[in-house]
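Engineer: starting from these lines, generate the structure:
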Amino acid sequence: MKIKVLLIIAIFSIGNVYSQIGKQAKGDKKYNNYAYIDAIEVYEKVAEKGHKSVNLFEKLGNAYYFNGEYDKAEKWYTQLFAMPEAADVPAEYYFRYAQSLKAVGNYDKADEYLMKFYQKTNNPSGAELVNNKDYLAELRKDSDRYKVENAGDINTEYSDYGSMFKGSDVIFTSARKNKDVFQKKHNWTGQYFTKLYTAKMAEDGKLSETQEFSKDLDSKFHEATPVFTKDGNTVYFTRNNFFDGKKGKSEDKVTKLKVFKATLKDGKWQDIKELPFNNDNYSVAHPALSPDEKTLYFSSDMPGTLGASDIFKVAINSDGTFGTPENLGSSINSPLRETFPFITEKNVLYFSSDDHLGIGGLDVFESKMNKDGTFTSIKNVGAPVNSPKDDFGYIVNTKTNIGYFTSNRDGGAGSDDIYKFKENVCAQIIKGTVSDILSLLRLPSAKVSLFNSDMELIKSTEANANGEFSFEENIDCDKKYYVRAEYQDYETKEIPVMIPMTSGESRADIALEKKVVPIVPGIDLAKVLDISIIYFDLDKWNIRPDAAVDLEKIIAVMQKYPTMKVDIRSHTDSRAPHKYNERLSDRRAKSTLEYMVKNGIDRSRLSAKGYGESQLINGCSDGVKCSEEDHQKNRRSEFIVLSME
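Structural biologist: Numbering: from 1, shown residues only. Now for the predicted structure:
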C-alpha cells in the first residue's frame, strides 16, 4: 500500500514523501613447615623445555592477564595463537590477547584480533552479515517469546497504527472513514487524513469500543502517534506542519512533520503549541517519553542525522523548556531508517529499522539503556513480532507484559493493522558458589564480577559467608555472560555462562586454585596441577606427546623437591572385562613411571600400580547406563605424594 512508503519519518508529508534511505603480589610468602607449588613457576618450566599445548599457554597467559601484567601475558598468548589448535579457543581469548597487544604497543595486531573478537561475538562493530549467514533461523528460533493476535475489531480496511497507552485505554491513529461530511482524502494514499481514536482495553489486551479521541486536537490534515504523561494531562503528538489555519512548507515546497504539545484543562485539550526544535525544512515525529518524563525521544531527519531518519532525545527542563536535541548515535542509528521509538518503565528502548539484519521491511529492535544514558547493543526481537513486511510502533506494559505493534503483514484487515501480544518474559538469575578446588571449602567474601559478551563489567559483588553469590538484575535470556571470581592467595578464574531462552536459574560455580599449594602426604598432584587424564591411545600404554606435557608438570615438581616420593595410580572405566582393565591400567601406570625415570626422576622415588575399574568414583559400573562424560571421570591418573622426606 502507498501508505507504507510514508512510514519512514514523514509519515504523512503533503506534496512529497520523505526518501528512504588484581596485580599478583611480588615476592613469595614464606612458610616454615610446608612446601608449596607455584603454578606459574611449574608451567613456565614445562614451557621452557619446549613442550606446547593450548591448555598450557592459556593458563600462563591468564595467570598474568588477571593480575594486570599484560606485557607478560602477551608473550604466552602469542605462543597460544601461534598454534593451529588456537583457532578453536573461546572468543574471550581474542579479546584478552588484543588488550595485551595494546599494552606492548602493537596496535595493528591488536586491532586485527579485536576484529576477530567482534566477528566471533557478532558485535555490531564487526561485519554483521559475514558472521550471521544463518541469521534468519536465529531470528525465528524464539518464536514462543510472543503470542501475537489481531488486536480486535478496531482494525479496518484503512491504515490503523501507532498505538499508545492512556490509563486503561489505548489511543491510536487511523485513516478510517468517520462522520465528518467533508472528510478529506490524502491524494498520495487514497486514504483519509488520519485522526486519533481511543479504544477500551480488556484484561487480555483485546481492544474494542472505538471512538474518536478528541476534536480538540484535530486539524484538516494528519494527527498521529501521541504519548501522554502519567497524569494524563499532557500529550505530545505528531501533526503536519499546520497551525492556526496556516500550512508551512520547506524550501523545496514540502509540508513536513512536527511534534506538538497540548494540555488538558477543564476536560479539553488546550494550549496547543509546537515544540521549539521543529523546523519547516525537516521533519520531527513520533514522540516518546522516558519513565521519569524528563526526556523526550523522537524521530527526525534534522541536520546531524546519520541516515534517512534517526532517533533523537531532548531534555525536558523543570520549567517546561527544552534542551538541545541529541542524536542517539551509531549504537542505535544506521545509514538507513530508525523510527517509532518507545521507552519502557525498565528503560528498554524499542524502535524500528530497515537496516541491520532483519526478517524484512521495518523490523522491531530493542536496546537497554545503561545508567549513564548510553545503550547496549541492539537486538532484533525476532518472529513473530517481525515479519517479511513492515513492523513498527511497538509498545508494552512491563507489568502485564501485554503490548501492541503495527504491521502490514498478510492476513490483516487491510493496509496497516494493530496487533496485540503477550510476552512470555524470560526471567533468569545467575547463582553460584566460590570454593577451594582441592578442599572444596567455600570461600566467603570472594569478589565476583559479571561481564557481558563484550567483556564489559555489569556488576561486582561479594560472596556471602557460605561462599554463595547471585546476580538477579540485567540478565537477558539467550545471552552469553562471563563470571569472574577473585580471592586472596588464589588464582583468579573466569568462566562463561550461556543463558537459555527459558526462565529459571543458571549456575556458575567456580572452584579456585591457590597460587601456592601446600604439599602434604596424601595430596594428589594431578588435582593440584589440574591433570584429569593421562591420555593413551586405545588399548595402548605408550606415552603420547600430549600426555608428556602433563607429566612434565609432575616431573618439575619432583625436581623442585628431591626428597618427594610419589605413587602413580592408573584407573579405567568399567567398560571391558575386569582382568583386562586391571592389566591395561597397570601397564599404563608402569609406562608412566618409566617415562618419568627416563626424564630424570630416580626410580626409588616412584611406585606404580593399575587399579582397573576397582575404584570407580561414581555409579558407572557394569550394566549401568552412563554418559561418556561420566565414564571419563573414572578414567583418571593419580600422583599421590607418599612422603616429603
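Engineer: which SS class is M115?
Structural biologist: Using DSSP: H, G, I helix; E, B strand; the rest coil, the structure places M115 in helix.
Engineer: next up, the contacts around the residue positioned nearest the centre of the chain.
Structural biologist: Within the chain, one residue has its C-alpha closest to the average C-alpha position: by CA atoms, centre = their mean, that is K479, at 4.2 Å. For K479, the contacting residues are 452-453, 498-499, by CB atoms under 8 Å, 6 or more residues apart in numbering. The C-beta positions use only the backbone N, C-alpha and C, and glycine is treated the same way.
Engineer: okay, and which of the residues you listed map to strands?
Structural biologist: Judged by DSSP state E, these include M498 as members of strands.
Engineer: buried ones from the contacts of K479, can you make that a PyMOL selection?
Structural biologist: Entered in PyMOL, the line below selects the buried ones among the contacts of K479, by 16 or more other CB atoms under 10 Å:
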select buried, resi 452+453+499
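Engineer: pick out the most distant pair among the contacts of K479.
Structural biologist: Checking these against each other with CB to CB, the farthest-apart pair comes out as N452 and M498, at 12.6 Å.
Engineer: which neighbours do these two have in common?
Structural biologist: If you check N452 and M498 against CB under 8 Å, 6+ apart, the residues they both contact are 479, 481.
Engineer: sorry, back to before: export the contacts of K479 to CSV and tack on distance to G320 and pLDDT?
Structural biologist: As requested, these are exported to CSV (distance: CB to CB, whole Å; pLDDT from 0 to 100):
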residue, distance to G320, pLDDT
N452, 38, 92
S453, 42, 90
M498, 48, 95
I499, 43, 93
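Engineer: list the residues that contact the closest residue in space to E85 that isn't next to it in sequence.
Structural biologist: Excluding the flanking residues, the one nearest E85 by CB to CB, 6 or more residues apart in numbering is V54, at 5.0 Å. The neighbours of V54, taking CB under 8 Å, 6+ apart as the test, are 80, 83, 85-86, 89.
Engineer: so which of the residues you listed belong to helices?
Structural biologist: L80 (DSSP state H).
Engineer: of the contacts of V54 - the most surrounded one?
Structural biologist: When neighbours are counted as other CB atoms under 10 Å, the busiest of these turns out to be L80, with 24 neighbours.
Engineer: quick one, strands of the stretch 251-400 of the chain?
Structural biologist: Taking DSSP state E, counting those that start in this stretch to define them, one finds strands in the stretch 251-400 of the chain at 257-265, 268-274, 284-289, 295-300, 310-315, 326-327, 338-343, 348-353, 363-368, 379-380, 391-397.
Engineer: gap between the longest one and the chain center?
Structural biologist: Relative to the mean C-alpha coordinate of its chain, strand 257-265 is positioned 38 Å out (CA atoms, centre = their mean, to the nearest Å).
Engineer: would you check that K200 makes contact with E209?
Structural biologist: Yes. With contact defined as CB atoms under 8 Å, K200 and E209 form a contacting pair (4.4 Å).
Engineer: which residues are in contact with the closest residue in space to R635 that isn't next to it in sequence?
Structural biologist: Spatial nearest neighbour of R635, excluding adjacent residues (CB to CB, 6+ apart): D573 at 5.2 Å. When contacts are counted by CB under 8 Å, 6+ apart, D573 is found next to 613, 616, 620, 631-632, 634-635.
Engineer: can you tell me which of these are buried?
Structural biologist: The neighbour-count test (16+ other CB under 10 Å) applied to the contacts of D573 identifies 613, 616, 620, 631, 634-635 as buried.
Engineer: closest to I272 out of these?
Structural biologist: Lowest distance from I272 to the buried ones among the contacts of D573 (CB to CB) belongs to H631, with 75.9 Å.
Engineer: now do the contacts for that closest one.
Structural biologist: The contact partners of H631, taken as CB under 8 Å, 6+ apart, are 573-575, 620.
Engineer: same question for F469.
Structural biologist: 431-434, 446, 448, 461-463.
Engineer: can you give me the end-to-end distance of stretch 468-479?
Structural biologist: End-to-end distance for stretch 468-479: 22 Å, by CA to CA, to the nearest Å.
Engineer: same deal with stretch 534-554?
Structural biologist: With CA to CA as the measure, the ends of stretch 534-554 fall 12 Å from one another.
Engineer: mean confidence for it?
Structural biologist: For stretch 534-554, the mean pLDDT works out to 77.
Engineer: now the helices for this protein?
Structural biologist: Listed in chain order (using DSSP H), the helices of the chain are 2-5, 39-48, 54-65, 70-81, 92-103, 107-120, 135-140, 525-528, 545-560, 578-598, 628-634.
Engineer: gap between the residue nearest to the centre of the chain and P496?
Structural biologist: Computed as CB to CB, to the nearest Å, the K479 to P496 distance reads 11 Å.
Engineer: quick check: the gap between the residue lying closest to F221 once chain neighbours are set aside and K249.
Structural biologist: Nearest residue to F221 in three dimensions, chain neighbours excluded: N240, at 4.0 Å (CB to CB, 6+ apart). Spatial separation of N240 from K249 under the definition CB to CB is 10 Å.
Engineer: the two: who's more crowded?
Structural biologist: When N240 is set against K249 and neighbours are counted by other CB under 10 Å, the residue ahead is N240, at 26 against 15.
Engineer: grab the nearest non-local neighbour of S300.
Structural biologist: Of all residues beyond its chain neighbours, the one nearest S300 is V284 (4.7 Å), with distances taken as CB to CB, 6+ apart.
Engineer: list the contacts of the one you found.
Structural biologist: V284 makes contact with 257-259, 275, 277-278, 298-300, 302, according to CB under 8 Å, 6+ apart.
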